[in-house]
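Colleague: Model the structure of this input:
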Amino acid sequence: MAEPTVNLIPNGDFRQAQRGGDGLLPAHWDVHAPLDALRPTFRRTTREGARTLMIGGNGEADCFGWAATTFSLPAGQTYRLRARFQITPDMNPQQNLAFCIIAPGFNHGLFHFRRQPGLWVEAEERFYVPGEGTLQAEAQIIFRFSPRGKVWVQEMALEPCEPIPPRWVKVACCDGEGDLAHWRRVLRAAGEAHADLTLLPETFAGSDHWETLRGPACALMSEMARRHRMYVAGTVYNENPAIGRRYNAGVLYDRAGAVDGVYYKKHPYTPELYMGVTPGTEVPVFRTDFGTVGMMICYDSWFTDVCELLALKGAEIVLFPCAGYYRSLMPARAADNGVRIVTSCLHRANGGRGVWDTSGADVTNPGADPSRRAGDEITFRNVHEVPELGLLLVELDLSKSPAPANWGGPMRSAPGGRRNRREQKRLLYEELMREQCRWWE
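Modeller: Next comes the predicted model:
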């Protein structure tokens with residue numbers, strides 16, 4: 001039998017009480033607050049038969065404090081961090097809590113919280129600690145901005161685990177104009193290069209071409225997806241006679257040639273409205289066999305909402321078919337949201353094809369911006385171009401998502417699409433909407 005894994009966090013189940021004093025705090029743990037007026041309540045107690053660390057608000061909406069313990073952390077290994085806790089109904093762990101591992105030059109924590117019966121919550125994350133030797137680390141449980149909420153932490157555990165395998169996916173994008181015979185050649189070249197996913201430009205069949213989702217351009221994408229066992233995406237001007245509507249429709253086909261999902265452009269360019277294009281209202285993500293994919297189309301890129309929503313819904317790759325775009329926006333969209341962006345552009349002179357990783361690095365020129373400090377993680381490889389077809393192929397590792405300001409790890413770096421790295425008391429979306437609809441006075 002394998003030996004049981006030892007929790008590296010001292011007294012991570014809070015069974016031991018501090019010696020001396022009043023015994024209200026767990027052994028090996030200290031509590032902190034930047035100001036006495038902000039200090040939450042900390043107390044070791046019993047909850048449903050188990051010892052817990054209770055942390056509660058002090059009545060102040062600005063309350064902020066944390067419990068911490070120190071321990072030795074061997075570097076050069078992969079670890080699993082997990083926590084189990086119960087909350088009051090007015091608590092949202094993605095806003096009011098953070099579970100962190102902090103060491104010199106390294107930080108990480110929990111990002112994905114899952115509801116359990118009885119207001120219990122569980123979370124787990126795996127990460128690699130680079131370097132050599134042993135680091136002096138600190139485990140922190142941060143409580144913030146909940147005046148009356150309470151959390152009962154039953155366990156916080158850090159254990160060595162198996163390495164995280166890379167998740168390489170080969171993507172292909174392109175630029176230029178052509179007829180369907182040309183796009184067949186592009187798709188054939190991408191398929192023969194064993195692309196997992198190929199993106200065609202916006203309305204690649206022509207800006208005056210309208211079809212149903214069974215039309216010739218859609219049939220071509222479906223056929224070539226099935227023939228080369230790859231995902232294929234692109235947009236068409238879609239006419240739906242059954243409901244009397246026209247859309248700019250982005251369609252994703254799976255490896256069998258079936259429709260995996262459809263996205264209707266949310267922000268049509270004004271001339272499209274004159275053509276009868278109706279704005280879409282939904283921003284879906286699509287589950288593929290290699291990861292989660294979303295889409296934004298051309299003029300969508302001038303607005304922050306589509307890409308941000310895709311990231312919050314879990315998109316790892318955002319497909320961006322367009323007719324032309326402002327290329328300098330792409331590093332921001334990728335880095336703001338912690339996503340990879342794959343662009344295929346109809347007009348080569350108006351931006352061209354491109355791929356950006358989560359740190360905003362252009363795979364064809366990753367060192368272009370000296371202010372980007374994403375660390376030395378290899379997030380892409382095998383960049384290959386086929387100039388005569390306007391084709392770019394690259395392999396992306398979806399297991400690594402560094403930020404452009406990666407100060408040792410994701411807990412102290414740019415927020416990206418991580419919900420609980422947004423450290424404000426309230427979001428501004430409602431106020432933005434009110435201002436958007438406000439009449440001039």
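
Colleague: Quick check: which ranges of this protein have low pLDDT?
Modeller: The chain contains residues with pLDDT under 70 at 1-5, 20-23, 415-416.

Colleague: And it, split by domain according to the record?
Modeller: What automatic domain parsing lists as the domains of the chain is 30-160, 168-406.

Colleague: got those as a markdown table, with mean neighbour count and distance to residue 9 columns?
Modeller: Just so you know, the C-beta spots here come from the backbone N, C-alpha and C atoms, and that holds for glycine as well. What follows is the domains of the chain, written out as a markdown table (neighbours: other Cβ atoms under 10 Å; distance: least, Cβ to Cβ, whole Å):
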| stretch | mean neighbour count | distance to residue 9 |
| --- | --- | --- |
| domain 30-160 | 18 | 5 |
| domain 168-406 | 19 | 24 |
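
Colleague: Kindly present those as CSV, with separate columns for distance to residue 6.
Modeller: CSV is the format used below for the domains of the chain (distance: least, Cβ to Cβ, whole Å):
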stretch, distance to residue 6
domain 30-160, 7
domain 168-406, 26
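
Colleague: Among these, which comes closest to residue 426?
Modeller: Evaluated over the domains of the chain, closeness to residue 426 peaks at domain 30-160, with 8.9 Å, by Cβ to Cβ.

Colleague: Count the neighbours of the nearest residue to residue 398 once chain neighbours are set aside for me.
Modeller: Using Cβ to Cβ, 6 or more residues apart in numbering and skipping the chain neighbours, the partner closest in space to residue 398 is residue 167 (4.1 Å). Neighbours of residue 167 under the rule other Cβ atoms under 10 Å: 13.

Colleague: quick one, what contacts residue 167?
Modeller: Contacts for residue 167 were tallied using Cβ atoms under 8 Å, 6 or more residues apart in numbering; they are 290-291, 397-399.

Colleague: Any chance of CSV for these, columns distance to residue 333?
Modeller: Shown next, in CSV, are the contacts of residue 167 (distance: Cβ to Cβ, whole Å):
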residue, distance to residue 333
290, 21
291, 18
397, 20
398, 18
399, 21
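
Colleague: Filter these down to just the ones in helices.
Modeller: Among the contacts of residue 167, DSSP state H puts none in helices.

Colleague: From those, which land in strands?
Modeller: In strands, judged by DSSP state E, the following of these are found: residue 397.

Colleague: quick check, nearest of the contacts of residue 167 to residue 336?
Modeller: residue 398 (18.4 Å).

Colleague: what's the spacing between that closest one and residue 197?
Modeller: 12 Å (Cβ to Cβ, to the nearest Å).

Colleague: hey, what's in contact with both of the two?
Modeller: What both residue 398 and residue 197 touch, as defined by Cβ under 8 Å, 6+ apart, is the set 169, 290, 317.
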